[in-house]
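> coords below, sequence missing:
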DNA sequence: CCGCCTATGTATAAATG
DNA sequence: TCATTTATACATAGGCG
């Protein structure tokens, strides 16, 4: 994101990808550490590189305790964590994106480099998509477990 | 870290702490998302606030799969950080439905009509799933539109 | 891989609406 | 609470050793 922002998407060049991974991993773990201290919250962070290397972090508690807490999380909490915050609600997103859309469209006619506005919006959507997909995957797993439980009882 | 850098340490003022948590959480999840895409790596991130709220994210794979990989990792780092018995119990949590859904099971036994309760729980999840899937579809559609706009201009 | 450097994009503390 | 603004601190791409 420096000297020409990095577009979101897999970095194809292997060496660049490794370098970026190393740098961003450092930054990510630092942020995880900071929020755990500053805000006094439990964090568990696990990263696997393609080569199979593993990095992990947890603040305050041992990572297994955080994972246990996560895995034992009652469904009400699951539901909570999944419910959309106002900020993420469709309506807000729609308005937000439409606004960006409009301004992008308007700007396009005045500017030589219209693509930037539009691509920023696409990246935002990609971020929302990834989070949504993550929740969906989690919910699907949870649903499977519930059904297994139901069968067993 | 702006207008007078934040010293590392728990932010004592409750309101500031919440505000900082909200902002940094957004940033942290964004970073986790970015590194998972840019560097094509598996990431699992779990955060619990003191009030018990849960946020989690994983890229590419389901978070359970990343956790399973973590717990089955022969890596010495994991072996060191997680004692064997603890590790086994976590694997049980992941693989055994009954252990994983203690809360649901407990609730069922307290009720006179367990089946109904269970089906309600599944319906709850279905509801969440439907919302999430709907949002996902919407986002995907929106992304397509944006890209068309992008192409057309 | 590990640092260091610099220019620049990003994150965010604090204030304000 | 929630969004915006603004000023600054921080993160990091690209380059070099």
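Here it is on my side, so go on. On a predicted model such as this, the values are computed, not experimentally measured, just so you know.

> report the buried residues of the host helix or strand of residue A:68.
Following DSSP states H and E, one finds residue A:68 within helix A:63-71. Across helix A:63-71, burial judged by 16 or more other CB atoms under 10 Å in any protein chain shown covers A:63, A:64, A:66, A:67, A:68, A:69, A:70, A:71. Using the backbone N, CA and C atoms, a C-beta is placed for each residue, glycine as well.

> next, the angle helix B:63-71 makes with it.
160 degrees (axes from the mean of the first three to the mean of the last three CA atoms, to 10 degrees).

> on contacts alone, who are the packing partners of helix A:63-71?
Helices and strands touching helix A:63-71, by 3 or more CB pairs under 8 Å, 6 or more residues apart in numbering or on different chains; DSSP states H and E, are strand A:42-48, strand A:54-58, strand B:42-48, helix B:63-71, helix B:84-95.

> between the buried residues of helix A:63-71, which is closest to residue B:138?
residue A:70 (27.8 Å; CB to CB).

> ok, the closest one to residue A:31 distance?
Counting by CB to CB, to the nearest Å, the separation of residue A:70 from residue A:31 is 19 Å.

> repeat for residue A:6
Separation of residue A:6 from residue A:31 (CB to CB): 17 Å.

> the more surrounded of these two?
Shown here are residue A:6 and residue A:31; by other CB atoms under 10 Å in any protein chain shown, residue A:31 has more neighbours (20 against 14).

> wait, what's in contact with that one?
By CB atoms under 8 Å, 6 or more residues apart in numbering or on different chains, residue A:31 lies in contact with B:24, B:27, B:28, B:31.

> what's the weakest-modelled helix or strand in chain A?
For chain A, the helix or strand with the lowest mean confidence is helix A:90-110, at a mean of 37 (criterion: mean pLDDT, DSSP states H and E).

> want to throw the buried residues of helix A:63-71 into a markdown table with pLDDT?
Formatted as a markdown table, the buried residues of helix A:63-71 follow (pLDDT from 0 to 100):
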| residue | pLDDT |
| --- | --- |
| A:63 | 82 |
| A:64 | 76 |
| A:66 | 84 |
| A:67 | 80 |
| A:68 | 74 |
| A:69 | 80 |
| A:70 | 82 |
| A:71 | 72 |
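
> let me know the closest of the residues you listed to DNA strand C.
Closest to DNA strand C out of the buried residues of helix A:63-71 is residue A:66 (20.0 Å), distances taken as CB to the nearest atom of the strand.

> any low-confidence regions in chain A?
A:1, A:4, A:72-120, A:145-146, A:148-153 (pLDDT under 70).

> mind running it again at 50?
A:75-117 (pLDDT under 50).

> residue in it nearest to DNA strand D?
Closest point on chain A to DNA strand D, by CB to the nearest atom of the strand, is residue A:27, at 1.9 Å.

> OK, contacts around that residue?
Counted by CB under 8 Å, 6+ apart, residue A:27 has contacts residue B:31.

> ok, it to DNA strand C distance?
9 Å (CB to the nearest atom of the strand, to the nearest Å).

> equivalent analysis for residue A:54, please.
14 Å.

> please apply the same query to residue A:51.
Distance, residue A:51 to DNA strand C, using CB to the nearest atom of the strand: 8 Å.

> and that residue, helix, strand or coil?
coil (DSSP: H, G, I helix; E, B strand; the rest coil).

> and it, how many neighbours does it have?
7.

> how about residue A:36, nearest residue that isn't a chain neighbour?
Excluding its sequence neighbours, the residue lying closest to residue A:36 (CB to CB, 6 or more residues apart in numbering or on different chains) is residue A:59, at 2.7 Å.

> got phi/psi on the one you found?
phi -100, psi 150 (degrees, to the nearest 10).

> I figured residue A:123 hits residue A:8, correct?
Yes. Assessed by CB atoms under 8 Å, residue A:123 is found in contact with residue A:8 at 4.9 Å.

> list the contacts for residue A:125?
A:97, B:139, B:142, B:143, B:146.

> cutoff 6 Å now
B:139, B:143 (CB atoms under 6 Å, 6 or more residues apart in numbering or on different chains).

> my read is it is in a strand, agree?
No. Assigned with three-state DSSP, residue A:125 falls outside any strand and is helix.

> distance of it relative to residue A:56?
Noted for residue A:125: a distance of 30 Å to residue A:56, by CB to CB.

> then residue A:9?
26 Å.

> what is the burial count for residue A:57?
Quick note: residue A:57 (other CB under 10 Å) scores 18 neighbours.

> that one contacts residue A:28, doesn't it?
No. Between residue A:57 and residue A:28 there is no contact under CB atoms under 6 Å: 9.0 Å.

> element containing residue A:130?
Per DSSP H and E: residue A:130 is located in helix A:115-152.

> what's around residue A:22, how many residues?
Residue A:22 sits with 11 neighbouring residues when counted by other CB under 10 Å.
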